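> what follows is a protein structure lacking sequence information:
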């Protein structure tokens, strides 16, 4: 097994995700780490955000992560050999007002990783762009769209549900380039 | 009114304030309800950890709002709207009837 300090963000997230599952903690990677993975680190995130739909006891998460050397500091879990840190934002797993129906799985040599699909990852970034005008998140959404097949009709439908159809129309071209 | 549901009267106050005024900072909310600042700050932090509110720094002031990305936002707002219907009119006016339009600096009246 590769040393934790040498793992990429995807390898580490898969390692942690697999380890947590063996302890009965089932969670899904979300946020910037998905962007890092889908863009092959063209965008760098050090933040590994896992969301559980059925919340485990905090003490169970602490014990499970302690087993592999992650120690809790201020609600984040840090490991002495890596810059990446783990957080468990409060669920549910959602993009905007909708729950996530389809979970993607990627296999790394360190384990299996459950994460948002490229299309949901784009929605997740667009939510920050739509609601907070975060241009970096728009750029990240565009970066994912360049490397993956995405469901543009689904993103349009979701944007309409979020009352952001006009905003979607203005950036649709960037996602299709 | 929904203290049992929200877990604390100050959490209810924070949510009602942010829902009514769109945004607010801890001292402003504490002053409005004539309550302890630390208690309000604690509730804001808890709500932020839960993804229900978010903050942004404006100068040195940390301004909080309901999080537009919170999946249950519409339902929460509907609940808070209903709570406001049970509040005395005078209280609702105090919460909602504030000047939001701009006012030029130095205007005499």
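Okay, I see it. Please read these numbers as outputs of a predicted model, since none were measured by experiment. Numbers count the residues shown, from 1 in each chain, chains lettered A, B, ... in the order given.

> contact residues of chain B facing chain A?
B:49, B:50, B:51, B:68, B:69, B:71, B:72, B:73, B:74 (C-beta under 8 Å from any C-beta of the partner chain). C-beta coordinates here come from the backbone N, C-alpha and C atoms, glycine included.

> next, the third one: secondary structure please.
Look at residue B:51: counting by DSSP: H, G, I helix; E, B strand; the rest coil, its state is coil.

> tally of neighbours for the closest residue in space to it that isn't next to it in sequence?
Excluding its sequence neighbours, the residue lying closest to residue B:51 (C-beta to C-beta, 6 or more residues apart in numbering or on different chains) is residue A:90, at 5.0 Å. Using other C-beta atoms under 10 Å in any protein chain shown, residue A:90 is surrounded by 13 other residues.

> could you dump the residues of chain B next to chain A to a markdown table with neighbour count and pLDDT?
Listed next are the residues of chain B next to chain A as a markdown table, based on neighbours: other C-beta atoms under 10 Å in any protein chain shown; pLDDT from 0 to 100:
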| residue | neighbour count | pLDDT |
| --- | --- | --- |
| B:49 | 12 | 92 |
| B:50 | 13 | 92 |
| B:51 | 19 | 93 |
| B:68 | 16 | 93 |
| B:69 | 19 | 92 |
| B:71 | 19 | 93 |
| B:72 | 14 | 94 |
| B:73 | 17 | 95 |
| B:74 | 10 | 93 |
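
> tell me the contacts of the residue nearest to residue B:51?
A:51, B:49, B:50, B:51 (C-beta atoms under 8 Å, 6 or more residues apart in numbering or on different chains).

> which of those lies closest to residue A:146?
residue A:51 (25.8 Å; C-beta to C-beta).

> can you pull the contacts of residue A:10?
A:36, A:37, A:106, A:108, A:113.

> which element is the second one on?
Assigned by DSSP states H and E, residue A:37 falls within helix A:32-38.

> quick one: that helix near chain B?
No - taking C-beta under 8 Å from any C-beta as the criterion, helix A:32-38 and chain B are apart, separated by no less than 14.4 Å.

> tell me which two of the residues of chain B next to chain A sit farthest apart.
Across these, the two lying at the largest distance from each other (C-beta to C-beta) are B:49 and B:74, at 21.2 Å.

> what's the domain layout of chain A?
Domain segmentation of chain A under automatic domain parsing yields A:4-116, A:119-176.

> quick revisit: in a markdown table, list the contacts of residue A:90 along with distance to residue B:102.
Shown next, in a markdown table, are the contacts of residue A:90 (distance: C-beta to C-beta, whole Å):
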| residue | distance to residue B:102 |
| --- | --- |
| A:51 | 40 |
| B:49 | 34 |
| B:50 | 33 |
| B:51 | 31 |
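
> distance of the residue located most distally from the centre of chain B from residue B:41?
The centre of chain B is farthest from one residue, residue B:108, which by C-alpha atoms, centre = their mean lies 30.2 Å away. Distance, residue B:108 to residue B:41, using C-beta to C-beta, to the nearest Å: 36 Å.

> how about residue A:113?
Taken as C-beta to C-beta, the span from residue A:113 to residue B:41 is 37 Å.

> for the two, indicate the residue with more neighbours.
Neighbour count, other C-beta under 10 Å: between residue A:113 and residue B:41, residue A:113 has more, with 24 against 18.

> excluding sequence neighbours, find me the nearest residue to that one.
residue A:14 (3.8 Å).

> doesn't that neighbour lie inside a strand?
No - looking at residue A:14 with three-state DSSP, it is helix, so not inside a strand.

> that one reaches residue A:112, doesn't it?
Yes - contact status for residue A:14 versus residue A:112: in contact at 6.2 Å, counting by C-beta atoms under 8 Å.
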